[in-house]
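Participant: Predicted model and sequence below, questions to follow.
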Amino acid sequence: MADNSSMLPLEFPAPPEMYGPEENWRGKTDGSQRRKLQNRLNQRVLRKRRAARQEEAASAAGVESQSQLQRMTHGAEEARYVELIWSTLDIADCQTQSEPLPAPTSCLMGRPGSRDVLTRAVLAAHGRYRMCQPDLSQFVDVLRFNVFYAFAHNARILGFNDDWLKDESVSPLCKQRPHPQSQSQSQSQAMSADVPWNMKPTELQLAVEHHPWVDFFPCPRMRDNFLRRVRDHGEDAAFEDALCADIVDGASARTPDDVCLVTWGKPWELSGWEVTENFLKKWPWLLEGCTELIASSNNWREARDLQALNLVEEVN
């Protein structure tokens with residue numbers, strides 16, 4: 001008797017690109033059906049290859065965008081702001097945004113409402129950044145957080161503790177502040193050698209009672225413009241709450257037009273700061289005589305092909 005095993009149908013290996021056994025053209029005797037299936041699978045392979053090339057190109061573009069974002073945001077070799085921002089958030093401990101978010105150290109953030117908003121925003125930006133897909137719509141929040149970071153950094157330079165975050169705080173630099181005179185003297189002596197010249201207190205800072213956050217502006221003339229108005233016309237004339245909201249309240253800015261200050265470099269260096277057109281329109285008196293700050297702002301604006309800001313004429 002003949003061996004019937006030789007009559008069993010041959011097993012044809014399935015092409016790796018097929019989705020089901022019905023797409024296996026191997027073993028088909030109908031030439032038209034074979035060509036139809038082959039064409040379908042070939043087109044599928046081409047689409048996959050094209051998608052892979054596009055993904056590779058997008059990844060390369062994402063890395064370049066990431067590099068550009070780093071260059072814009074860092075501004076200076078040692079000012080690695082994006083990494084510093086996200087490292088302060090302890091993101092690794094945060095599983096989902098529905099869970100309680102890790103609160104950054106108080107010396108890096110402002111009021112709780114602002115802290116929560118900025119924390120969530122920067123967490124979202126961090127996720128996009130890690131995927132090499134930075135989102136410019138989140139860049140505003142990163143800019144605002146940079147200002148928070150810069151002010152907090154300058155607070156540490158001046159030797160301030162976390163009390164500067166309290167609404168009722170008074171600058172320890174002010175000699176009129178109700179604290180032991182020895183404390184004020186020792187702090188001034190300690191900062192004389194290490195604090196950059198433009199961060200050292202002016203006579204008005206020593207004489208006029210004010211909130212500590214005013215001391216963090218890297219422009220001495222700007223600090224004096226504010227304190228001079230407080231001295232001559234009272235706190236209400238300086239609109240401190242509104243100014244604080246524009247500059248320090250990270251929860252207030254929702255569009256690029258809302259941003260008033262941008263820091264691109266080291267927090268204490270005036271050349272790394274930019275005032276926006278919005279800031280110039282809202283607070284012209286604060287910028288009177290701030291030629292270096294305007295020059296720095298125009299340098300950054302020129303790099304983005306924006307029209308230069310005109311310095312407000314000094315009022316005598």
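Facilitator: Received it, and whenever you're ready, just let me know what you need.

Participant: Any stretches of the stretch 151-300 of the chain with poor pLDDT?
Facilitator: For the stretch 151-300 of the chain, residues meeting the criterion pLDDT under 70 lie at 176-193, 248-257.

Participant: Do a quick rundown of the helices in it.
Facilitator: With DSSP state H, counting those that start in this stretch, the ranges of helices along the stretch 151-300 of the chain come out as 181-194, 203-207, 220-233, 235-238, 240-247, 277-282, 291-303.

Participant: List the contacts of stretch 286-300.
Facilitator: Contact with stretch 286-300 is made by 219, 221-222, 225-226, 243, 262, 264, 270-276, 279-280, 308-309, 311-315, as judged by CB atoms under 8 Å, 6 or more residues apart in numbering. (Glycine included, C-beta is placed from N, CA and C.)

Participant: Pull out the buried members of those residues.
Facilitator: 219, 221-222, 225-226, 243, 262, 264, 270-276, 279-280, 309, 311-312 (16 or more other CB atoms under 10 Å).

Participant: and C290, how many neighbours does it have?
Facilitator: 23 (other CB atoms under 10 Å).

Participant: whoops, D241 was the one
Facilitator: With other CB under 10 Å as criterion, D241 counts 12.

Participant: what's the answer for Q33, then?
Facilitator: The burial count for Q33: 11, using other CB under 10 Å.

Participant: quick one: it is in a helix?
Facilitator: Yes: membership of Q33 in a helix is supported by DSSP: H, G, I helix; E, B strand; the rest coil.

Participant: And the pLDDT for it?
Facilitator: At Q33, the pLDDT value in this model is 75.

Participant: And for the one 4 residues further on?
Facilitator: The score at L37 is 70. That number is its pLDDT.

Participant: I'd say it and G31 touch.
Facilitator: No: with contact defined as CB atoms under 8 Å, L37 does not count as touching G31 (11.0 Å).

Participant: of those two, who's got more company?
Facilitator: Between L37 and G31, counted using other CB under 10 Å, the more crowded position is L37 (19 against 8).
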